[in-house]
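Asks: next comes the sequence, and after it the predicted model I'd like to discuss.
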Amino acid sequence: LYSKEWGGIFLLFRYSGTAWPAAIPPSLLSTALGLGLSYMDSSDELIRDRNEFMQHPYPFQLFAYLLGFLIVFRTNFAYSRYWEARGALAQMSAKWQDGAVM
């Protein structure tokens, strides 16, 4: 099924079935943007001066609210999946017990 030559290192660099080709353009774009902004001294000074960059805490509050909402939503979804699986496990063990007793 897989070539085990060289400890399977060629599996890391294969093209089919991998997310690398789709991830390379966004990563190069973010790298170029980060490097470009790091060479702009005026934007660096503006961002470091907190009073000049953001005078009102509303953007931070909005970000914290949205992040908190997403965390609670994902946690609630995971919690419901856990209890669904726990119920299925209890039902399965009950069926096994019924089969063993009969």
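Replies: Sure, I can see it.
Asks: so what's Pro21 up against?
Replies: Applying CB atoms under 8 Å, 6 or more residues apart in numbering to Pro21 gives the contacts Tyr15. No exception for glycine: its C-beta is placed from N, CA and C like everyone else's.
Asks: do you know how far it is from His56?
Replies: 42 Å (CB to CB, to the nearest Å).
Asks: for Glu84, same thing?
Replies: 43 Å.
Asks: mind checking which of those two has more residues around it?
Replies: Higher neighbour count among Glu84 and His56: Glu84, with 10 against 7, using other CB atoms under 10 Å.
Asks: that one and Ala78, how far apart?
Replies: 11 Å.
Asks: and Leu67, by the same measure?
Replies: On the measure of CB to CB, Leu67 and Ala78 end up 16 Å apart.
Asks: hmm, which helix or strand of the chain has the shakiest average pLDDT?
Replies: helix 50-53 (a mean of 66; mean pLDDT, DSSP states H and E).
Asks: and the pLDDT for Leu46?
Replies: pLDDT for Leu46: 68.
Asks: ok, now Glu5?
Replies: 73.
Asks: what does the one 4 residues further on give?
Replies: The predicted local confidence for Ile9 comes out at a pLDDT of 77.
Asks: just how off-centre is the longest helix belonging to the chain within its chain?
Replies: In the chain, taking DSSP state H as the definition, the longest helix is helix 58-101. Centroid separation between helix 58-101 and its chain, computed with CA atoms, centre = their mean, to the nearest Å, is 18 Å.
Asks: what is the mean pLDDT for it?
Replies: The model assigns helix 58-101 a mean pLDDT of 93.
Asks: so which elements touch it?
Replies: Helices and strands in packing contact with helix 58-101 are not found; criterion 3 or more CB pairs under 8 Å, 6 or more residues apart in numbering; DSSP states H and E.
Asks: where does Gly36 fall, phi/psi-wise?
Replies: phi -60, psi -40 (degrees, to the nearest 10).
Asks: got a list of what it touches?
Replies: Taking CB under 8 Å, 6+ apart as the definition, Gly36 has no contacts.
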